[in-house]
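# Got a sequence here, can you build the structure:
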Amino acid sequence: MKWIKRFLVLALLVLVVMQFFRPDKNQEGNYDSVQPFISETKPIASVEATLKETCFDCHSNQTRYPWYAEVAPVSYWLADHIRHGKGELNFSEWSSYSVKRKDHKLDEIIELVENREMPLDSYTWTHKEAQLSDTQIKEIITWAKAARLQYSLNKAE
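Model prediction:
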């Protein structure tokens, strides 16, 4: 029983110390950084709003942080989650992607949204507004398929 008390005190001490060492926040700019992506893929207003609400937090250089992001270890988990998301697709870096990669990323968007794998459950649990309706899913898929056409044509040339 004594070792359990010591462990709990040590764990509490570690949690308190963690509060003073925070990961960097993903706020390298603002939503203007996604403008090249928006200009190039031309989503309709409702799709653009859906992308901002459900995708840009983890897949751009700008994140809207909830209050609990200030509390370790959640702050570390979120930082890792965002780092991984941006590693897969970063809308803020869209203009640096090759035509082939842009086409592939849009294809992945179609597949992941259609299979309801994106947005992640861990995101929608705390962001209820990010749960996609059937209409939003159809709109995103229609937009992404249309956007892919320009890259398919460019790949063929």
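# For the closest residue in space to Glu129 that isn't next to it in sequence, pull up the helix or strand it's in.
Closest residue in space to Glu129, ignoring its immediate chain neighbours: Glu53 at 5.9 Å, by Cβ to Cβ, 6 or more residues apart in numbering. Placement of C-beta: from N, CA and C, glycine included. Glu53 is located in helix 45-54, with elements delineated by DSSP states H and E.
# Show me what that helix is packed up against.
helix 134-156 (3 or more Cβ pairs under 8 Å, 6 or more residues apart in numbering; DSSP states H and E).
# got the buried residues for the helix holding Glu53?
Within helix 45-54, the residues scored as buried using 16 or more other Cβ atoms under 10 Å are Val47, Glu48, Thr50, Leu51, Lys52, Glu53, Thr54.
# between that helix and helix 134-156, how many degrees?
100 degrees (axes from the mean of the first three to the mean of the last three Cα atoms, to 10 degrees).
# Run through who's touching helix 45-54.
31, 38, 43, 91, 118-119, 123, 127, 129-130, 132, 136, 139-140, 143 (Cβ atoms under 8 Å, 6 or more residues apart in numbering).
# And that helix, how far out from the chain middle?
12 Å (Cα atoms, centre = their mean, to the nearest Å).
# The helix or strand just after it - contacts with which helices or strands?
The element immediately downstream of helix 45-54 (helix or strand, assigned by DSSP H and E) is helix 56-59. On a contact count with 3+ Cβ pairs under 8 Å, 6+ apart, helix 56-59 meets helix 74-88.
# low-confidence ranges in the protein?
Within the chain, the stretches with pLDDT under 70 are 17-18, 23, 26-31, 153-157.
# From the centroid of it, which residue is nearest?
Centroid-nearest residue in the chain, with Cα atoms, centre = their mean: Cys58, separated by 2.1 Å.
# Noted, bye for now.
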